[in-house]
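Colleague: Here's my sequence, what's the structure:
(2 chains)
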Amino acid sequence: MKVKVRLFATLREDRGKEVEVEGKAGMTGKGLIDQMEISEEDVAIFLINGKDGKLEDPIQDGDVISIFPPVGGG
Amino acid sequence: MYGYTGKILRINLSTGDVKTEALDKELAKLYIGGRGLAEKMFSNEVDAKVDALSPENKLFIATGPLSGTPTPTGGRYMAITKSPLTGTIASSNSGGRWGAELKFAGFDMIILEGKAEKPVYINIVDDKVEIKDAAHLWGKMTSETTKMLLEAEGEKAKVLNIGPGGEKLSKIAAIMNDYDRAAGRSGVGAVMGSKNLKAITVKGSSKPEIADKDKLKEVVKRSNAKIRENGVTGTGLPTYGTAVLVNIINESGVYPTNNFQMSTFSGADETSGETLAEKFLIKNTGCFGCPIACGRHCKVDEGIESGGPEYETLWGFSADCGVNDLGSVIKANYWCNEVGLDTISASATLAAAMELYQKGYIKDDELDGLSLEFGNAEAVIEWTKRMGLREGLGDKMAEGSYRMADMYGHPELSMSVKKQELPAYDPRAIQGQGLAYATSNRGGCHVRAYLISPEILAMPEKLDRFDVAGKPEWVKIFQDLTASIDSSGLCLFTSFAMTADDYADMISAATGFDYDAGSLLQAGERIWNMEKMFNMAAGIGQDQDTLPPRLLNEEIADGPSKGEKSRLGEMLPAYYEVRGWDAQGAPSQAKLDELSIK
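Modeller: Got it, this is the predicted structure:
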């Protein structure tokens, strides 16, 4: 299956803004970030199709994943 | 006194009288300082029904007990008055260096009364205070005024001033300081303009005394380590500034676009904090004593170089007006600061004007060829200037979006609460933030309770943003803690890393008062209730604890939050109850007694 992964802020360094990742069926969020060599502590916000997701959630074919390190402002 | 200087400067601009008074220590203990203490003193001596732009209204410029002390971000001041925009109590908070310098001159606050016969400015050098002619400064933009005053009073002076917006009594005028920092919200600049006061320059040579230097050193060391190690204050804000939020808010589908007609913006990434850092950023800037340094200093062609834009500003001039061009946003921000208007209210007023035009209520013959079509970058820049100068349609815009839209018979197109424009988060799919907007004591505002932190950014824990359960309790705690932090003189951004215990320890070490987390939160609750009492006396009733009809009745039309609308009606009664208020939102006598509010 294929998912689109959007990366932001410092996570873009050496990875780019958007990548397409091919994964095995049943892959979780944790599996995805492991495959992309992103450490768990760098993931503050993990959105699946714009909604809050958890790293243990399963990823479906065609999902759009957005990953953010800690960000804030206002 | 410790932390405080213990002295207040009272200036009557009608008579020219200048007096120094002692700070009331008991009142300071109850209301901390800055926002809390000055608002309490203001409400004790000004009739809540006063016309905000009359000489009878007063303007307090106040610091907190930590302003000017060696604490992280201790450089802030607040402008307290009755707002000409909202009719509520106003406290508008600004960074930079001016606030710390006022403490160095030996004053905790300045109380400005009356109205000068002709334009004047005030020059303070320690205890020497002069009221000087400002005829040559009147009509000048804020940066030119600042340059001229630095030349006249010496480069070490710190300058606070208003631009043409404040002079011309725009209800969304800001007070600017240190070139590009702003006490932006609620039209405090118009109150200064109504007093014919163009500027206040200050230079000081003493430092506030500290009650327990060793303890303060230890708490500051502990807090600075937290600020450094925290992902937001240690990395995110210094690297990308506040505009790092653009993408997360847009990806969540709560990034208001075209005056809240849509909630995602196709140009978000091209106008994000990441792009700003890559293409326009020259350097980071920090306020007095700040270890974060989130400030941006950006440059575009045509010689425009200035501070900002901050997240809310960037959103307002880009997504909310449909403008997908970061260079134009920087220019609009620059001109907004030059004419001295609040960037949130000014950009949101432009967005409302664009929708009025889109729907045919504003006609082409009012526009001097500068079409208000969504996305017209040139119009956004030019109309910002004209708003500040009250030229053409800019005269109506200078009244803020609510009054402008009302002139066309469509006040519902103003995205405001209590006539103050909402900032950059669509509350239809961030339920707690919607409640925080509706109940804010100064009208539409994100920094009275920043529920974005738990509902979107997962700090201090992740809340379900679509759910209303527990939100009244969260909003109350955020409102109370924020009131305390503001009043201390520190920047709210420290709260991404610091806890209530840290603030309590810091204020206690500086002042010698004995706060813990509980009594600090209670002081915040006292401030919140006192503000509410002022607003009720001013005639602001429960009917104004609401959101624009669009956000209550129309579902989000696009993106990942599609189909959502605010469930304010489910939260508001519970919020009143959590606050110990009656069903009409009035604090009970028992609550006032419990909080020692007299």
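Colleague: Quick check: the nearest residue to B:S205 once chain neighbours are set aside vs B:T482, distance?
Modeller: Nearest residue to B:S205 in three dimensions, chain neighbours excluded: B:D126, at 5.8 Å (CB to CB, 6 or more residues apart in numbering or on different chains). Every C-beta, even on glycine, is put in place using the N, C-alpha and C of the backbone. Using CB to CB, to the nearest Å, B:D126 is found at 33 Å from B:T482.
Colleague: Compare these two and say which is more crowded by neighbours.
Modeller: With neighbours defined as other CB atoms under 10 Å in any protein chain shown, B:D126 and B:T482 compare such that B:T482 has more, 21 against 14.
Colleague: in which helix or strand would I find the more buried one?
Modeller: Per DSSP states H and E, B:T482 falls inside helix B:471-488.
Colleague: what's the least confident helix or strand in chain B by mean pLDDT in contact with?
Modeller: Sorting the helices and strands of chain B by mean pLDDT, DSSP states H and E puts strand B:305-307 at the bottom, at a mean of 89. With contacts defined as CB atoms under 8 Å, 6 or more residues apart in numbering or on different chains, strand B:305-307 is touched by B:143, B:179-181, B:282, B:285, B:295-299, B:330, B:333-334, B:337.
Colleague: what does stretch A:29-37 give?
Modeller: Counting by CB under 8 Å, 6+ apart, A:3, A:5, A:15, A:19, A:21, A:23-24, A:27, A:39-40, A:43, A:46, A:48, A:53-57, A:59, A:65, A:67 sit against stretch A:29-37.
Colleague: What about the residues you listed, which are in strands?
Modeller: Among the contacts of stretch A:29-37, the members found in strands (DSSP state E) are A:3, A:5, A:19, A:21, A:46, A:48, A:65, A:67.
Colleague: Neighbour count, distance to B:A79 and pLDDT for those residues - can I get that in CSV?
Modeller: Converted to CSV, the ones in strands among the contacts of stretch A:29-37 look like this (neighbours: other CB atoms under 10 Å in any protein chain shown; distance: CB to CB, whole Å; pLDDT from 0 to 100):
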residue, neighbour count, distance to B:A79, pLDDT
A:V3, 19, 50, 96
A:V5, 23, 45, 98
A:V19, 13, 47, 96
A:V21, 15, 51, 96
A:F46, 20, 40, 97
A:I48, 19, 44, 97
A:I65, 21, 44, 97
A:I67, 24, 40, 97
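Colleague: Which single one of those residues is nearest to B:Q433?
Modeller: Set against B:Q433, the nearest of the ones in strands among the contacts of stretch A:29-37 by CB to CB is A:F46 (20.6 Å).
Colleague: any idea how far the closest one lies from chain B?
Modeller: Here A:F46 is placed at a distance of 9 Å from chain B (CB to the nearest CB, to the nearest Å).
Colleague: What's opposite that residue in the beta bridge?
Modeller: A:I67 (DSSP bridges).
Colleague: I'd say it and A:G53 touch.
Modeller: Yes: taking contacts as CB atoms under 8 Å, A:F46 lies within contact range of A:G53: 4.9 Å.
Colleague: quick one: pLDDT of residue 68?
Modeller: This is for chain A. For A:F68, the pLDDT comes out at 96.
Colleague: Chain B, not that one
Modeller: We have a pLDDT of 97 for B:G68.
Colleague: same question, B:E310
Modeller: Looking at B:E310, its pLDDT reads 95.
Colleague: again with B:V254
Modeller: B:V254 is given a pLDDT of 98.
Colleague: Around the nearest residue to it once chain neighbours are set aside, how many other residues sit close by?
Modeller: In space, and not counting its chain neighbours, B:V254 is closest to B:D426: 4.2 Å by CB to CB, 6+ apart. Neighbour count for B:D426, taken as other CB under 10 Å: 29.
Colleague: buried residues in stretch B:331-349?
Modeller: For stretch B:331-349, burial by neighbour count (16 or more other CB atoms under 10 Å in any protein chain shown) applies to B:331-349.
Colleague: cool, stretch B:140-151 as well?
Modeller: Residues of stretch B:140-151 classed as buried by neighbour count (16+ other CB under 10 Å): B:140-143, B:145-146, B:148-150.
Colleague: Write out the residues of chain A neighbouring chain B.
Modeller: Within reach of chain B by CB under 8 Å from any CB of the partner chain, chain A has these residues: A:6, A:8-10, A:12, A:17, A:44-45, A:47, A:49-52, A:66, A:68-74.
Colleague: Narrow these to those that are buried.
Modeller: A:6, A:8-10, A:44-45, A:47, A:50, A:52, A:66, A:68-74.
Colleague: and B:D486, how many neighbours does it have?
Modeller: Counted with other CB under 10 Å, the neighbours of B:D486 add up to 25.
Colleague: OK, contacts around A:M27?
Modeller: Applying CB under 8 Å, 6+ apart to A:M27 gives the contacts A:1, A:35, A:58-59.
Colleague: Make sure I have this right: B:A90 is in a helix.
Modeller: No: under DSSP: H, G, I helix; E, B strand; the rest coil, B:A90 falls outside any helix and is assigned strand.
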